[in-house]
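Novice: make a model of this:
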Amino acid sequence: HGAIPLNIIPVSEIERIEIIKGPASTLYGSDAMGGLINIITKKPLRKPISLHIGQKYYTTKKLDGNVLLGHSNSLFSFNILAGYTWYEGFKEGISHAGSPSGKRNAYKLPKEINKNLRTNFFFMPTDNTKIEFGAGLSLIDQDATLNSSMDWFINDQRYDGYLLIKHVLFDDIVLKLSSSYEYFKHETQKYDNDWSVYHEKRTYNYENLENEFQFKWFLPNGHTFLLGYNLLLESMTGKDVEGTKNGKTHAAFLQTILKFMKKKKLILVPGIRFTYNENFNLDISPKISLRYNMNEEFAIRATYGQGYKTPSFKNMYYSFFHSAPSNFWLRGNPDLKPEKSHSINFSLITNPTKQIQFEGTFYYNWIKNIITTEEISTASGVHEGKNYNGIREYVNKNKAYTTGFELELTTNIGKRIFFMVGYVY
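Specialist: Below you'll find the predicted structure:
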């Protein structure tokens, strides 16, 4: 829930990592067009107090640190996670007429300080109801060098929070209601390298509120029925955005898991998502996958799905001037179209022994209206008092495709150790 920098999560606190390959837009919406990575952290242990402290130092003069404090009892539990990253950056002498040596130190890679804080609470008022909520903040400061006489200070602030309520009804129905909020502020300011003169300060703000309801029904014979509705509200303002931009997206989705034949050899998972965005009208994204377990040692899996990704507010509305040495003007494009993909995956899975599993997967992805940047003019000009040598703009490319295969071999060595090797083409 929300956005959390991955470097502040202690590895020891990760329970598992789930990877969904291929389009996952049917359940997870626009941002999951190419797949999904879900990092699941451990729940607080049933201990009065738990504490984890970690620190790393890198030879690149980077320091990472984190502290995790937790508490748990029979009624509720919580944890507080704080992280800190300091990076000195990479300096190199560049020409500067005002310096006695004729040079000054410049950040070729920005100096960065990153501070993070997050807290989560878990509460079970009854055996059938679970309530989870949390909040977090992330503060990032960067110092970068623009040219021989000017530096650039960047400040990013991110605040987020979430609420999740899960209730089990009649033992076979699960109701889930979730809400999350995110606020992001990006601020830049240029100043002379001796800090004597401050130049323009530029700020833009982005926020979104997302609400979702799910109804999940566990049917006889292992079948499952899932129905959901999602509402996303977005807003963006700033000096480089004309006015206030707002967006609203409605989505309804349906997915079922059907198991057939003796020992559930055939598993069929059809799904569909209806998405209505007030800027792009209606989209329908279907998906279907099946798995056939021929026997205990051999199985095949096949998936077809459509992915859908709407342009971000930054793609459509943000106007950005890139300073020296490039000196170009990057413009948003409100006429962008959503990206659309068709994907096919086919896998063969075999377990010759209990300790060995081999999986081979072929995939093909066809993507239309890819969003990228393109130079639309090489002419020089002036934008808000600044000279530029060309104009770039977000555009849609007609189409592209990717195809290839993956091979993966996993071997268990005892109960606690496993070895995995893979090849991707």
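Novice: quick one: contacts for Asn128?
Specialist: By Cβ atoms under 8 Å, 6 or more residues apart in numbering, Asn128 lies in contact with His167, Val168, Leu169. Just so you know, the C-beta spots here come from the backbone N, C-alpha and C atoms, and that holds for glycine as well.
Novice: burial count for the second one?
Specialist: Other residues within reach of Val168, judged by other Cβ atoms under 10 Å, total 16.
Novice: can you show me the helices along the stretch 251-400 of the chain?
Specialist: 313-317 (DSSP state H, counting those that start in this stretch).
Novice: hey, where'd the strands end up in it?
Specialist: Secondary structure of the stretch 251-400 of the chain (DSSP state E, counting those that start in this stretch): strands at 266-277, 281-293, 298-309, 320-322, 328-331, 339-353, 356-377, 381-383, 386-388, 391-413.
Novice: the contacts of Asn128 in strands, which ones?
Specialist: His167, Val168, Leu169 (DSSP state E).
Novice: ok, the second one touching Val174?
Specialist: Yes: using Cβ atoms under 8 Å, Val168 is in contact with Val174, at 5.6 Å.
Novice: and which of the contacts of Asn128 is nearest Ile17?
Specialist: Closest approach to Ile17 among the contacts of Asn128 (Cβ to Cβ): Val168, at 26.5 Å.
Novice: hmm, back to that, of the ones in strands among the contacts of Asn128, which is the nearest to Phe346?
Specialist: Among these, Val168 lies closest to Phe346 (Cβ to Cβ), at 36.6 Å.
Novice: excluding chain neighbours, what is closest to the closest one?
Specialist: Asn128 (4.3 Å; Cβ to Cβ, 6 or more residues apart in numbering).
Novice: any chance of the contacts of Asn128 in CSV, with pLDDT too?
Specialist: Shown next, in CSV, are the contacts of Asn128 (pLDDT from 0 to 100):
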residue, pLDDT
His167, 96
Val168, 95
Leu169, 92
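Novice: ok, the residues you listed vs Phe78, which is closest?
Specialist: Using Cβ to Cβ, these come closest to Phe78 at His167, 20.7 Å.
Novice: now the residue nearest to Val168: how far from Ile173?
Specialist: Distance, Asn128 to Ile173, using Cβ to Cβ, to the nearest Å: 10 Å.
Novice: got it, and Ser377?
Specialist: From Ser377 to Ile173 the distance is 58 Å (Cβ to Cβ).
Novice: equivalent analysis for Arg118, please.
Specialist: 32 Å.
Novice: same drill for those two, tell me which one is more crowded.
Specialist: Taking neighbours as other Cβ under 10 Å, Arg118 and Ile173 compare with Arg118 leading, 22 against 13.
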